[in-house]
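S.K.: Got a sequence here, can you model it:
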Amino acid sequence: MRTRSGERAHWMAGGLVCAVLGAASALNAQAPAAAGQPAQPGQPGQPSGLPTEITQVRFNSGQSVVPYYEGWIKNPDGTFDLVFGYFNRNWKQELYVPAGADNKIEPGTADQGQPTYFLPRRQRWAYRVRVPANFGKQTVVWTITANGKTERGYGDLLPAQEINERVVMTNGDFDPGLDDPNKPPTLTIGSTFTVKVNTPLTLAVAAADDGLPKPRNPPAPKPTTTNDGRPAQFATAQVNSSNPGRPRGLRVSWMQYRGPEKVLFEPAEAIPIPGGQGTATTTARFTAPGTYKLIAMAADGAMTTRREVTVTVTP
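M.R.: Numbers count the residues shown, from 1 in each chain. Down below sits the predicted model:
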């Protein structure tokens, strides 16, 4: 049974909480964003919501690059490929971290072919380390220091982390098995090129696909009026913004893997290949000399085939 004094104490406590929340909200609404702090969703440059709300913060630059271990693949000769990706926490900043003290693979030499150019956000299945059949319970460590922050990824042969090539090609989707009729796209391009600084390099990729999954046309727009001319009434369905979208047929795109400066691709977006077979032509421009590695990708909406291209850029 609640007593009168208990009710009074409960009411006073509730009022105190409301007062605190109200005062904090007022402070959030009035206080300008501190210099150097990232903008929050809601009002530009200001936090939004109650003090207890955890808002999503986006940093354009200054954050770390995290190596991610994706899993391991057993090769026919008994060796293993340890597959890594990375997560560049920055939304805009692209970083060049040369192989060495700040970008190294252990055990062994620091440079074992890992990426040195890091694109923003999550890049999966980017790199493989091959280890011998007797690797056992050892661990491969990939260390990246970027923007003064050090991150490490650890790869080993835990049974639960075994994957296969189809998992990689489908970007981690469930492997439907050998009965899946969809075959990965084929992709043909030269493996090495030489070009001078600021001279456009034409990259022509011949790609083909089996037509699966069949591209689906976008849904037809709903009519805005009825047959008698009156405005049509439709309930607006909630849209899942995380939906990757419908399969769009065969497309070719490029990704920078290594190189001292950003490579400028034209066009920068994926190139559609009507009919599922043809050639996609891209122009690449290099602003600094050095050795660059690029990845050509042909995707059919479900599976992706990759090929590595090395470009030597001279002064």
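S.K.: how about the spatially most central residue of the chain, what does it touch?
M.R.: Centroid-nearest residue in the chain, with Cα atoms, centre = their mean: residue 122, separated by 3.0 Å. By Cβ atoms under 8 Å, 6 or more residues apart in numbering, the residues touching residue 122 are 68, 85-88. Quick note: C-beta positions are derived from backbone N, CA and C, even for glycine.
S.K.: can you redo these as a markdown table with secondary structure, distance to residue 192 and pLDDT?
M.R.: Shown next, in a markdown table, are the contacts of residue 122 (DSSP: H, G, I helix; E, B strand; the rest coil; distance: Cβ to Cβ, whole Å; pLDDT from 0 to 100):
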| residue | secondary structure | distance to residue 192 | pLDDT |
| --- | --- | --- | --- |
| 68 | strand | 29 | 96 |
| 85 | strand | 25 | 97 |
| 86 | strand | 25 | 98 |
| 87 | strand | 30 | 98 |
| 88 | strand | 27 | 97 |
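S.K.: Return the closest of those residues with respect to residue 105.
M.R.: The shortest approach to residue 105 among these belongs to residue 86, at 12.8 Å (Cβ to Cβ).
S.K.: from what I can see the closest one touches residue 126, true?
M.R.: Yes. Look at residue 86 against residue 126 with Cβ atoms under 8 Å: they come within range, at 6.1 Å.
S.K.: what's the overlap in contacts for the two?
M.R.: Common contacts of residue 86 and residue 126, defined by Cβ under 8 Å, 6+ apart, comprise residue 115.
S.K.: So the two - more neighbours on which side?
M.R.: Neighbours were tallied for residue 86 and for residue 126 using other Cβ atoms under 10 Å; the higher tally belongs to residue 86 (24 against 21).
S.K.: gap between the more buried one and residue 143?
M.R.: From residue 86 over to residue 143 the distance is 12 Å, taken as Cβ to Cβ, to the nearest Å.
S.K.: what touches both of these two?
M.R.: Joint contacts of residue 86 and residue 143 (Cβ under 8 Å, 6+ apart) are residue 67.
S.K.: So what's the residue count around residue 101?
M.R.: 9.
S.K.: Please indicate which of the contacts of residue 122 are buried?
M.R.: 68, 85-88 (16 or more other Cβ atoms under 10 Å).
S.K.: need these in TSV with distance to residue 169, can you?
M.R.: Output for those, formatted as TSV (distance: Cβ to Cβ, whole Å):
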residue	distance to residue 169
68	18
85	14
86	19
87	21
88	23
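S.K.: ok, so of those, who is nearest residue 302?
M.R.: Checking the buried ones among the contacts of residue 122 against residue 302 with Cβ to Cβ, the nearest one is residue 85 at 18.9 Å.
S.K.: Look up how far residue 142 lies from that closest one.
M.R.: Computed as Cβ to Cβ, the residue 85 to residue 142 distance reads 10 Å.
S.K.: which residues are common contacts for those two?
M.R.: Shared contacts of residue 85 and residue 142 (Cβ under 8 Å, 6+ apart): 67, 127.
S.K.: Residue 266 bridge partners, please.
M.R.: Taking DSSP bridges, one obtains residue 283 as the residues bridged to residue 266.
S.K.: Around it, count how many other residues there are.
M.R.: Counted with other Cβ under 10 Å, residue 266 comes out at 10.
S.K.: which residues touch it?
M.R.: 282-285.
S.K.: rerun that using 10 Å as the cut-off
M.R.: 200, 281-285 (Cβ atoms under 10 Å, 6 or more residues apart in numbering).
S.K.: Closest to residue 135 out of those?
M.R.: Residue 135 lies nearest to residue 284 out of the contacts of residue 266, by Cβ to Cβ, at 36.9 Å.
S.K.: burial measure for that closest one, as a count.
M.R.: When counting by other Cβ under 10 Å, one arrives at 21 neighbours for residue 284.
S.K.: Report the residue ranges of every domain in the protein.
M.R.: 65-163, 186-217+246-314 (automatic domain parsing).
S.K.: Can you get me the start-to-end distance on the shortest one?
M.R.: So the one you mean is domain 65-163. End-to-end distance of domain 65-163 (Cα to Cα, to the nearest Å): 24 Å.
S.K.: Show me how far that domain is from its chain's centre.
M.R.: Remark: domain 65-163 is offset 15 Å from the chain centroid, using Cα atoms, centre = their mean, to the nearest Å.
S.K.: about what we covered before: dump the domains of the chain into CSV; add distance to residue 226 as well.
M.R.: Listed next are the domains of the chain as CSV, based on distance: least, Cβ to Cβ, whole Å:
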stretch, distance to residue 226
domain 65-163, 45
domain 186-217+246-314, 25
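S.K.: how about these, which one is nearest residue 223?
M.R.: Comparing these by their distance to residue 223 (Cβ to Cβ), the top pick is domain 186-217+246-314, with 17.5 Å.
S.K.: quick one, strands of the stretch 51-200 of the chain?
M.R.: 65-74, 80-88, 95-96, 103-106, 117-118, 121-131, 140-146, 149-155, 186-188, 192-196 (DSSP state E, counting those that start in this stretch).
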